[in-house]
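Asks: Sequence and computational prediction follow.
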Amino acid sequence: TMPGKSGFDERDPLALGSGSGATSLQARRWIQESDVMLALGSSLTRTSYGQPIPDGKTMIHNTESLEDINKDYNVAVGLPGDVKATIAMLIDEVKAQAGENGRQTNVADEIAAVKQEWLSEWTELLNSDETPINTYRVIGELERGLDKANSVVTHDAGAPRDTIMPFYTATVPHSYVGWGKTTHLGYGIPLMIGAKLADPGKFCLNLMGDGAFGMSGLDIETSVRAGAPITTVVLNNGDMATYPGGYPVAREAFNMTGMTGDYAKLAEAMGAVGIVVTEPNEVGPALQRAQQLNAEGRTVLLDIHSNMESRRSRFD
């Protein structure tokens, strides 16, 4: 799930990835086609911000909240309790029934093949040289350019959430913070300030749109004043990418979803370092510079002039 991203190392050959309304092909296929589902530490709530689970599966559900069991899905086995203790007991039981080494299957090869099939459709976008800079090129540079074990990354609600969620590889616990259901737009900046204060040695980055920046952008000053240097990546496309066709009357009369602004200059006015990025080959070096500046105690905002990207890794 989205909040569970980084709870399981996505480099593992058995990892399927994670999802909001967008997800990887392998995660989608296993959710749709598997016979049995084991949910660990999940509320199993039906939501448009998660993946749908078809009826007819045998469901095994672990949760700390008793009221979650049989709330939205018919559960064959309920396992209320702490998830860490539950996993330990499940491992002991599986070993007792299947032996220390478990069953040998080719499922890891199946996952790798489906993952490669899926990524082959997105590789061009993740390496795109188009201008304005493609949103997926930014995500590709994050994927390639960060020391993930020593970073904490989050998205913002809306387009940043659904574009980065399938493609950024989460590694160690809490290296990625997934959210964006009922949480307000712009939450990423204060969230990363808190993460930096909790673990000052980590590189803390939030990916947001210009609409989200409008909600909490002044908290860049909080980051500077609190001595909690973070990096904010603003996808500056001048509009609300989640609503490209919405509010036609208000758009015509008031340019309702349109936005303007020099966000790098705003950051500079608040004591941070503002960096404007207009070319695809500048994204990687700008991220490296941001990591260096954060290590030196400077808060950074990357004002990336990006496209209005509408494509999502979704499945009918």
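Replies: Arrived safely.
Asks: mind checking the SS state of D9?
Replies: coil (DSSP: H, G, I helix; E, B strand; the rest coil).
Asks: who's in contact with it?
Replies: D9 makes contacts with 15, 170-172, as judged by C-beta atoms under 8 Å, 6 or more residues apart in numbering. From N, CA and C alone the C-beta is placed, and that goes for glycine too.
Asks: Quick check: V234 vs K57, distance?
Replies: V234 sits at a distance of 41 Å from K57 (criterion: C-beta to C-beta, to the nearest Å).
Asks: More neighbours: these two, which one.
Replies: V234 (29 against 17; other C-beta atoms under 10 Å).
Asks: Check the contact between the more buried one and L301; I expect there is one.
Replies: Yes - with contact defined as C-beta atoms under 8 Å, V234 counts as touching L301 (6.4 Å).
Asks: shared neighbours of the two, anything?
Replies: Joint contacts of V234 and L301 (C-beta under 8 Å, 6+ apart) are Y263.
Asks: And for S223, the neighbour number?
Replies: Other residues lying near S223 total 28 when counted by other C-beta under 10 Å.
Asks: Could you report the pLDDT at it?
Replies: Note on S223: pLDDT of 98.
Asks: Thought P229 was touching it, still the case?
Replies: Yes - using C-beta under 8 Å, S223 makes contact with P229 at a distance of 6.6 Å.
Asks: Quick check: phi and psi on V234?
Replies: phi -100, psi 120 (degrees, to the nearest 10).
Asks: what about it, distance to L125?
Replies: Taking C-beta to C-beta, one finds V234 at 20 Å from L125.
Asks: just V153 next, same as before
Replies: Distance from V153 to L125, by C-beta to C-beta: 19 Å.
Asks: How many residues are close by N62?
Replies: Using other C-beta under 10 Å, N62 has 24 neighbouring residues.
Asks: what does the helix or strand encompassing it rub up against?
Replies: Assessed by DSSP states H and E, N62 sits inside strand 58-63. Here strand 58-63 makes contact (C-beta under 8 Å, 6+ apart) with 35-44, 68-69, 73-81, 83, 86.
Asks: What's the first helix or strand after it?
Replies: Moving toward the C-terminus from strand 58-63, the next helix or strand (DSSP H and E) is strand 77-80.
Asks: Mind listing the strands that next one pairs with, and their directions?
Replies: strand 58-63 (parallel) (DSSP bridges).
Asks: buried sites along the strand it pairs with?
Replies: For strand 58-63, the neighbour count (16 or more other C-beta atoms under 10 Å) marks 59-63 as buried.
Asks: of these, closest to Y187?
Replies: Nearest to Y187 among the buried residues of strand 58-63: T63, at 24.3 Å, using C-beta to C-beta.
Asks: pLDDT score for that closest one?
Replies: So T63 comes in at 97 (pLDDT).
Asks: how close does it get to W179?
Replies: In this view, T63 and W179 are 19 Å apart by C-beta to C-beta.
Asks: do A159 as well
Replies: Separation of A159 from W179 (C-beta to C-beta) stands at 15 Å.
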